[in-house]
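>>> got a structure for you, letters missing:
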């Protein structure tokens, strides 16, 4: 598997004992990223609540790439924990602290503890579009059919 250098910096006041993002298996596409609660206190999310959870990290994403922040499937299935803007994008020119917007979709409170794996991050290449206005588009079988137009099953 190819690798690209991704520089990470711990932000001032972060808990330096929290591990950096890591791939949990050799074939993992996403590296787990952890909550870094500066005061070390847990955040309790009531049902339906959302919160911006700090990671304690800033990063220099290489030009031509983005970092996507995605939910952890285990938290989603077992706890009903989702990310509001999934996938979230960290642009190559952003240098602030990475935060994760966590949403509790379950019917019970959920506690996010300092150091907990809350999301996964994927480094992905980006291609920017060259926008070109036109008066017509090519025809396709689907045409203008939108949501659900391709049927069920």
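Sure thing, it's come through. Keep in mind that this is a model prediction, so the values were computed, not measured. Numbers count the residues shown, from 1 in each chain.
>>> Which secondary structure element is home to the nearest residue to residue 90 once chain neighbours are set aside?
Closest residue to residue 90 apart from its sequence neighbours, by CB to CB, 6 or more residues apart in numbering: residue 67 at 4.0 Å. All C-beta spots, glycine's among them, are computed from the backbone N, C-alpha and C. In this assignment (DSSP states H and E), residue 67 forms part of strand 65-70.
>>> Report all helices and strands that that strand contacts.
strand 88-90, strand 117-125 (3 or more CB pairs under 8 Å, 6 or more residues apart in numbering; DSSP states H and E).
>>> circling back to that earlier point, if I read this right, the residue nearest to residue 90 contacts residue 58, doesn't it?
No - using CB atoms under 8 Å, residue 67 is not in contact with residue 58; the gap is 11.3 Å.
>>> ok so, going back, possible to save the helices and strands packed on strand 65-70 as a markdown table with distance to residue 43, mean pLDDT and mean neighbour count?
Shown next, in a markdown table, are the helices and strands packed on strand 65-70 (distance: least, CB to CB, whole Å; pLDDT from 0 to 100; neighbours: other CB atoms under 10 Å):
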| stretch | distance to residue 43 | mean pLDDT | mean neighbour count |
| --- | --- | --- | --- |
| strand 88-90 | 18 | 96 | 17 |
| strand 117-125 | 10 | 97 | 19 |
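>>> Name whatever forms a beta bridge with the residue sitting nearest the centre point of the chain.
Central residue of the chain (CA atoms, centre = their mean): residue 69, 1.3 Å from the mean position. Residue 69 has these beta-bridge partners by DSSP bridges: residue 88, residue 121.
>>> Was I right to think it contacts residue 121?
Yes - with contact defined as CB under 8 Å, residue 69 and residue 121 form a contacting pair (5.6 Å).
>>> Give me the common contacts of these two.
Common contact partners of residue 69 and residue 121 (CB atoms under 8 Å, 6 or more residues apart in numbering): 33, 90.
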